[in-house]
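**Q** Fold the stuff below for me.
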Amino acid sequence: RTGLPRSTVHRILDQMVRLEWVDHASFGYCLGRRAKSLGSGDNGHSSIREAAAPVLHELHLQTGMVAHLAVLDRAEIVYLDKVGGHLAAALPSRVGGRVWAHATACGKAILAGLQPEHVDALYTGAMPRRTERTIADLDLLHRELGRIRQRHGLAFETEEATVGMACVGAPVRSPQ
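**A** Just a heads-up that it's a prediction; the model follows:
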């Protein structure tokens, strides 16, 4: 119907599958995870966001800093909320935005709660860098995750996600 050559259509679909906009199923192609999330709004995370909102606001009020709420999605974190008044505008993060988990304190705090084999499965290829300070070696990441586990999930990050920024992250592991 498009008038494009089959090879071109296949190449486009292959790229869309890799980007998770389309899935290749036994019956053909269908909407992928990313396309489906556009229609649902928040991928079912509204209850998490609602429960965390008062805590995020209190954290911002007590520290004067920006507070983020994020969840792990494969090897990335997705920001569900961001509270910080005028300071928040200075940060490149945004609600719905994605960042490699290994480059952020939030992401490393969550990764530290996973089994090492699960972390290995998330990082089968090269680990992309966001800055010169981003951990880009799986063995180094495992050592960092071990230190985070010793601190009961408390993670730190200095200029690994954004030059000039430092973060502290902690996991929330309760269904409540």
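**Q** in what helix or strand does the residue nearest the centre of the chain lie?
**A** Note on the chain: the residue nearest the mean C-alpha position is residue 77, at 0.9 Å, using CA atoms, centre = their mean. Using DSSP states H and E, residue 77 sits in strand 76-83.
**Q** What strands flank that strand, and is each parallel or antiparallel?
**A** Using DSSP bridges, strand 76-83 pairs in its sheet with strand 67-73 (antiparallel), strand 98-100 (antiparallel).
**Q** Quick check: which of the ones you listed is buried the most?
**A** Sort those by mean neighbour count, taking mean count of other CB atoms under 10 Å, and strand 67-73 sits at the top with a mean of 20. For every residue, glycine as well, the C-beta is placed using N, CA and C.
**Q** Off-centre distance for that one?
**A** Offset of strand 67-73 from its chain centre (CA atoms, centre = their mean, to the nearest Å): 7 Å.
**Q** CA atoms only for that strand, dumped as CSV, please.
**A** Taking Å, rounded to 0.1, in the frame of the first residue of the first chain, the C-alpha atoms of strand 67-73 are listed here in CSV:
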residue,chain,number,x,y,z
ALA,A,67,13.3,14.6,44.3
HIS,A,68,12.6,12.0,41.6
LEU,A,69,10.5,8.8,41.5
ALA,A,70,11.6,6.3,39.0
VAL,A,71,11.0,2.6,38.0
LEU,A,72,13.2,0.2,36.2
ASP,A,73,12.3,-0.7,32.6
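**Q** Name all residues that make contact with residue 154.
**A** 109, 148, 168, 169, 170 (CB atoms under 8 Å, 6 or more residues apart in numbering).
**Q** pLDDT score for the fourth one?
**A** On the pLDDT scale, residue 169 is placed at 95.
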